[in-house]
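**Student:** Let's see this in three dimensions:
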Amino acid sequence: MSDRIRSGNRWLLGAGLALAFAGAAVAEEIVITDHENREIRLDAPASRIVTIPMPLASGVIALSGGADRLVGLNPLSLTAIREGILGKIFPDAVNISDAVTGTDFVPNVEALAAVNPDLVVQWAGRGPEIVDPIVNAGLNTLLIKYGTEELTRQYMTMVATAIGKPERIAELVDWSDVVQHDIEAKVASIPQDERPNVLYLGRSLSDITAAGDTGSYSSWYIALTGGRNAAAELDGTSSINREQIAQWDPEVILLNSFEPNLDVNWVYDDPILSLTKAAQQHRVYKMPLGGYRWDPPSQESPLTWMWLAELLHPELFDYDLRAEMTKAYKTLYNYQLTEADIDGIIWTAQQGDSLGYDQFAAQ
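**Tutor:** I've put the predicted structure just below:
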């Protein structure tokens, strides 16, 4: 386990102890320190929550066991719920208000006031224009940073505490630790020159984007699962063109799950991209969409790691992904996945004859 994750776990333990003492000192009061080092106080567990950061809507649902507490969300969170399986598991979630913010995270204060939230979760570190209107309206505002596994565990702990279910986070952290440690141990002996160059494209249709190593979660899990980021030279997320991809000549291409009309034929049918090693070897894969999209960090990230580890190094890994998904969804959402559900989440029909995907087929 990395020192960074150990440090994050120590943060979780310290936060849990501090909150326990706060609860003992002031009956029912919940005190949380957010990622801007601000103190948020709740007289009781939050029963009406608005989440402006996209991945956190599904996180609240997973932590609380349903969609009842979620009264407002980002329009792109609602898109993921409707396109993915969460809308099937929790039908009421498709009717949650997405008028509380734009996709640019600028809050609609009138719409926020209308849903009467106990707590609004907003991005930290992205400027006062998306925070001040909420705070000035007198609403409890929890600010979170995002993009690493450590930060994800921290803000999920904050939310679990805010809703009065701090015990839920330990279960999820333990699962993440077990999977991460197992993968790290198995790929540790792979020399760098034997790790495939992997290109994750955050956008493909409206624009083509990729991210370098610094601050990129996709680069982190590519490295975790025994790959190398083909776009490592980039400074942050950048727009690129097909010629740049051809120059990198990645051995594996990962397509985002944000664009519903995107599938692997976008690469195979392209006169330039079809010449890459990834296309020639049929190693082009669309990222799954489950309770949330598997590209960014979320409560389902260990499934992302197992899925990608199997695709990059099938000789090292023998996860039964379908069984792991079934177990995880029972824990996360108290839902029994069907075989058809799993095929839909991992885009079996959209992956074509991509190399190694037959290992995920129903038996």
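
**Student:** domains of this protein?
**Tutor:** 3-165, 176-360 (automatic domain parsing).

**Student:** Quick one: distance of the first one to the chain centre.
**Tutor:** Taking Cα atoms, centre = their mean, to the nearest Å, the mean C-alpha location of domain 3-165 is offset from the chain mean by 14 Å.

**Student:** List the buried residues of stretch 228-238.
**Tutor:** 228, 229, 230, 231, 232, 234, 237 (16 or more other Cβ atoms under 10 Å). Bear in mind the C-beta positions are built from the backbone N, C-alpha and C, glycine included.

**Student:** Adding mean pLDDT as columns, could you present the domains of the chain in TSV?
**Tutor:** Shown next, in TSV, are the domains of the chain (pLDDT from 0 to 100):
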stretch	mean pLDDT
domain 3-165	88
domain 176-360	96
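
**Student:** Figure out the helix or strand that residue 143 lives in.
**Tutor:** strand 141-144 (DSSP states H and E).

**Student:** Skipping adjacent residues, who's closest to residue 316 in space?
**Tutor:** residue 186 (4.9 Å; Cβ to Cβ, 6 or more residues apart in numbering).

**Student:** let me redo that: residue 192
**Tutor:** Counting by Cβ to Cβ, 6+ apart, the residue nearest residue 192 is residue 228, at 6.9 Å.

**Student:** Show me what the one you found is bridged to.
**Tutor:** residue 197 (DSSP bridges).

**Student:** That one against residue 198, yeah?
**Tutor:** Yes: counting by Cβ atoms under 8 Å, residue 198 is a contact partner of residue 228 at 6.7 Å.

**Student:** what is in contact with those two at once?
**Tutor:** Both residue 228 and residue 198 are contacted by residue 222, under the criterion Cβ atoms under 8 Å, 6 or more residues apart in numbering.

**Student:** Please report how far residue 174 lies from residue 196.
**Tutor:** Distance of residue 174 to residue 196, computed by Cβ to Cβ, to the nearest Å: 30 Å.

**Student:** Comparing these two, which residue is more hemmed in?
**Tutor:** residue 196 (21 against 11; other Cβ atoms under 10 Å).

**Student:** Do a quick rundown of the helices in the stretch 151-300 of the chain.
**Tutor:** Secondary structure of the stretch 151-300 of the chain (DSSP state H, counting those that start in this stretch): helices located at 167-187, 217-224, 242-248, 265-268, 277-280.
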